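A.B. asks: Let's see this in three dimensions:
(2 chains)
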Amino acid sequence: MMRRKGLVAILDGLLAYTVAFTAIGLVALLSTTAQEANLKTTYTLNVWAEDLADAVGMSLTDGAEDPTRWLDPDSIGDEKEAEIREALTASLGRIEARLGVQIRVEAGADTIYGDRLAGVGESATAKRFLVSSGGSVSVLKVEVGI
Amino acid sequence: MKRKGYIFSLFVFFMFVSVFIVAATHAKSVSVLEESNYDRVSLMKASNVIRNLRNAVDYGTLCAVGVDASGSPVASETGAVRTVEDAGMPFEIDVGCSLAVATVTVTTPAGDEYVLKIPS
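C.D. replies: Numbering: from 1, shown residues only, chains lettered A, B, ... in the order given. Purely as a prediction, here's the structure:
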């Protein structure tokens, strides 16, 4: 009888440990699942930022002289610059609505689109070089946040 | 009653083992994904910057090389093109020039560096 009580106590203890470890395992599984989602978000945001930077850079050209050279907006003619800004504003607004993200684009000293990202959990940045008048180099910066 | 107890214990034990195995395997796969994620993003950023340097920006503007009186090339550091991500942002990108060779360095949030050099 005593031996049986001892055995039951051991089994109860084992059961308690097993349930505890199972609970710990489930918590660990939940946290790694959340971590995996964050990693995929990081990758996706960076891909979007890089693609947007390429797309915006390709639109910042004067067209007439060299369509492949990416220019600082100050180096583009006023009329052409206004057209480019209008097209970019419309396109980036649609992309923001479709993807559910916030986008900000700065070219040199100007902000072409968007305000400072507010209330975002995670963001990614992409940068490209632009040629300014006088031959110096400025920076195109695209930020995407979600 | 005894048999039901054994079966129940066996069931709980197998449940524990399966949850433990799944959690351990998933944690390992996430850590591998994290490392490869940084690799993929860093190399993607570096290749995009290099393509930008080659195609869209006059390379001579970026890495202008002068010569001294004897005709030897003079190292040029173009401080204006060094771009550093804002504080707190991941994936720091740094571009420097020396003797017409542009060096693109991408630093991941983990502190690993990818350095690519492209000559003019």
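A.B. asks: What does the pLDDT read for the residue nearest to the spatial centre of chain A?
C.D. replies: In chain A, the C-alpha closest to the average C-alpha coordinate belongs to residue A:45, at a distance of 2.7 Å (Cα atoms, centre = their mean). On pLDDT, residue A:45 comes in at 91.
A.B. asks: where does it land in three-state SS?
C.D. replies: The local conformation at residue A:45, judged by DSSP: H, G, I helix; E, B strand; the rest coil, is helix.
A.B. asks: In contact with it, which residues are there?
C.D. replies: Taking Cβ atoms under 8 Å, 6 or more residues apart in numbering or on different chains as the criterion, residue A:45 is in contact with A:101, A:122-124, A:144-146. Where you see a C-beta, it was placed from the backbone N, CA and C, and this is true even at glycine.
A.B. asks: Near chain B, list only the ones from those.
C.D. replies: Contacts with chain B within the contacts of residue A:45, as defined by Cβ under 8 Å from any Cβ of the partner chain: A:123-124.
A.B. asks: Top of the contacts of residue A:45 by number of neighbours, please.
C.D. replies: Among the contacts of residue A:45, residue A:144 has the most neighbours (other Cβ atoms under 10 Å in any protein chain shown), with 30 neighbours.
A.B. asks: bridging residues for that one?
C.D. replies: Listed by DSSP bridges, the beta-bridge partners for residue A:144 are residue A:103, residue A:124.
A.B. asks: Can you verify my assumption that it contacts residue A:124?
C.D. replies: Yes: here residue A:144 reaches residue A:124: they are 5.4 Å apart, a contact under Cβ atoms under 8 Å.
A.B. asks: joint contacts of these two?
C.D. replies: A:45, A:48-49.
A.B. asks: Alpha carbons of stretch A:100-110, as CSV, please.
C.D. replies: Once non-C-alpha atoms are left out, stretch A:100-110 reads as follows in CSV (Å, rounded to 0.1, in the frame of the first residue of the first chain):
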residue,chain,number,x,y,z
GLY,A,100,-1.3,49.7,-46.4
VAL,A,101,2.0,51.4,-45.7
GLN,A,102,3.4,54.9,-45.2
ILE,A,103,6.0,56.1,-47.8
ARG,A,104,8.3,59.1,-47.6
VAL,A,105,10.6,60.1,-50.4
GLU,A,106,13.4,62.7,-50.1
ALA,A,107,15.6,63.7,-53.0
GLY,A,108,18.6,65.9,-52.0
ALA,A,109,17.3,68.6,-49.7
ASP,A,110,13.6,68.3,-50.9
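A.B. asks: and residue A:84, how many neighbours does it have?
C.D. replies: Around residue A:84 there are 21 residues (other Cβ under 10 Å).
A.B. asks: what's the pLDDT at it?
C.D. replies: 88.
A.B. asks: Now name the helix or strand holding it.
C.D. replies: helix A:78-99 (DSSP states H and E).
A.B. asks: In that helix, which residues are buried?
C.D. replies: Burial within helix A:78-99, assessed by neighbour count using 16 or more other Cβ atoms under 10 Å in any protein chain shown, is assigned to A:80-81, A:84-85, A:88, A:92, A:95.
A.B. asks: farthest-separated two in those?
C.D. replies: By the measure Cβ to Cβ, the buried residues of helix A:78-99 have their two most distant members at A:80 and A:95, which lie 22.1 Å apart.
A.B. asks: Would you confirm that residue B:16 contacts residue A:24?
C.D. replies: No: counting by Cβ under 8 Å, residue B:16 does not reach residue A:24; the two are 10.0 Å apart.
A.B. asks: Comparing those two, which shows the higher neighbour count?
C.D. replies: Set side by side, residue B:16 and residue A:24 give different neighbour counts by other Cβ under 10 Å, the larger being at residue B:16 (20 against 14).
A.B. asks: by contact count, what packs against the helix or strand containing that one?
C.D. replies: Secondary structure from DSSP H and E places residue B:16 in helix B:2-55. Helices and strands touching helix B:2-55, as assessed by 3 or more Cβ pairs under 8 Å, 6 or more residues apart in numbering or on different chains; DSSP states H and E, comprise helix A:2-59, strand A:123-131, strand B:92-98, strand B:101-107, strand B:113-119.
A.B. asks: Now do the fourth one and strand B:113-119, the angle between them.
C.D. replies: Yep, that's strand B:101-107 we're talking about. Strand B:101-107 runs at 160 degrees relative to strand B:113-119, counting by axes from the mean of the first three to the mean of the last three Cα atoms, to 10 degrees.
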